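Asker: Sharing a model prediction with you, sequence too.
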Amino acid sequence: MPTYRTSPPAKLNLFLEILGRRPDGFHELDTVMVAIDWRDELELTTSVQPGIRLQVDWLPSREAIAEQLQVAVDDPILFVPDDASNLVHQALSKISAATGYQGGWDVKLGKRIPSGAGMGGASSDAAATLRLAAAAISQVDDDMAERCSPAMIRGIAEQLGSDVPFFLDPESATGIPGAPVSGQPMIARALGRGEKLTFRPLLVSHRFLVVYPGVALSTPRVYQQCQVSEVPRSGVSVMDAFCSDDATGTQNILYNALESPARGLSPRIGEALECLPVTLSIQNSMTGSGSACFAWITDSGEPVEPLTQQVKGRLEGGALIRPVSTCTGAPEIQIA
Ligand SMILES: C[C@@](CO)(OP(=O)(O)O)[C@H](O)COP(=O)(O)OP(=O)(O)OC[C@H]1O[C@@H](n2ccc(N)nc2=O)[C@H](O)[C@@H]1O
Ligand SMILES: Nc1ncnc2c1ncn2[C@@H]1O[C@H](COP(=O)(O)OP(=O)(O)O)[C@@H](O)[C@H]1O
């Protein structure tokens, strides 16, 4: 059986405004996201033996991540489920049910993206699973290939989570044939509960310094504490700034309405933000519902390594601190 592999990326929310509260418990959003090259690793093989066998490990090792976070290897912060609560598992159950695929799945998930960070790790793993599983199932016969339509994939992605469609290729994510092709870095604006997407290609690569301050925040808890904005800002100007071919010197456009409730839930958010540099060419924000924060380095000539060392020196306590760049949200699938 061939093995299908890909490296699901994390995301950063560059802008997030709360437009309203919905009767179903979700919030209407205006958010702008990019994928970044902080990646998990996912490997999937079909099997004649029914069932889903999922193995999850930290990369490069649980010990290495625990050491950086200054916690014990069995600390709850490093817990990632390997049962039916993992979104990879749920994605496979749903695609098997939707296509009538009767076989089983063997999956290895290598985690680098921390959980409860607002970096969308679980959502990205789920979207990548759908893409790999669709590629594998499509090999069975033409009938199966036809059942793996972009509309079916998008429908499952939306059921799995508000952020999951963002990590599909733009045509599957939007349902618009001819949407910008996958494989190149994009920026997306998401409306609704996060699933109504518009993609635009990025003309230049953008660099960030990301800090995960070693605390996991629950997305529902952060939303419970948030305020609907009376005079909502719009994500359009952020899209425009990031889509220009030179963002050097762009001032104060990052915004996240969930930052204030997240700060209230953990002092580590403020600590992470305060240790990030702020200059004429560097702006800071929190991603998603937290806890990770980031600095956007708008000047392409600014070296990132001294900034990384500066932040490592300033932030007390365990943390994961990494320079990253924008990348495609739906990376290439390798078949071996
Ligand atoms: C905040 C964001 C910003 O991109 O990202 P993360 O911090 O999770 O990465 C997203 O809105 C999270 O999307 P996702 O993580 O897929 O959330 P879901 O599983 O759909 O929802 C989890 C819970 O979050 C709340 N929720 C989520 C999305 C939304 N538009 N309004 C909400 O109120 C609801 O309480 C929901 O039950
Ligand atoms: N594939 C997965 N990777 C990480 N966490 C997962 C996964 N599937 C389900 N989870 C659960 O999802 C929650 C965190 O989701 P995640 O996407 O990592 O964070 P966030 O929503 O902050 O971006 C945790 O409760 C975790 O147990």
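Answerer: Good, I have the coordinates. Numbering: from 1, shown residues only. Ligands and ions are numbered 1, 2, ... in the order given.

Asker: CA atoms for contacts and neighbours, from now on please.
Answerer: Will do.

Asker: wait, what's in contact with Ile321?
Answerer: Going by Cα atoms under 8 Å, 6 or more residues apart in numbering, Ile321 touches 209-212, 308, 311-312.

Asker: and if we set it to 6 Å?
Answerer: Applying Cα atoms under 6 Å, 6 or more residues apart in numbering to Ile321 gives the contacts 210-211.

Asker: can you pull the pLDDT of it?
Answerer: On the pLDDT scale, Ile321 is placed at 98.

Asker: same check, this time on Ser172
Answerer: pLDDT at Ser172 comes out at 88.

Asker: ok, it touching Pro150?
Answerer: Yes - using Cα atoms under 6 Å, Ser172 is in contact with Pro150, at 4.6 Å.

Asker: Mind checking which of those two has more residues around it?
Answerer: Applying other Cα atoms under 10 Å to Ser172 and Pro150 shows that Ser172 carries more neighbours, namely 23 against 20.

Asker: show me what contacts the more buried one?
Answerer: So Ser172 contacts 150, 154 (Cα under 6 Å, 6+ apart).

Asker: and the worst-scoring helix or strand of the chain on mean pLDDT, anywhere near ligand 1?
Answerer: Lowest mean confidence among the helices and strands of the chain (mean pLDDT, DSSP states H and E): helix 170-174, at a mean of 88. No - shown here: helix 170-174 not in contact with ligand 1 (Cα under 6 Å from any ligand atom), separated by at least 13.9 Å.

Asker: Give me the distance from that helix to the chain's centre.
Answerer: 16 Å (Cα atoms, centre = their mean, to the nearest Å).

Asker: ok, now stretch 220-231?
Answerer: Offset of stretch 220-231 from its chain centre (Cα atoms, centre = their mean): 21 Å.

Asker: what pLDDT, on average, does it get?
Answerer: Taken as a whole, stretch 220-231 has an average pLDDT of 96.

Asker: is it anywhere near ligand 1?
Answerer: Yes - contact between stretch 220-231 and ligand 1, assessed by Cα under 6 Å from any ligand atom, occurs at 220, 223.
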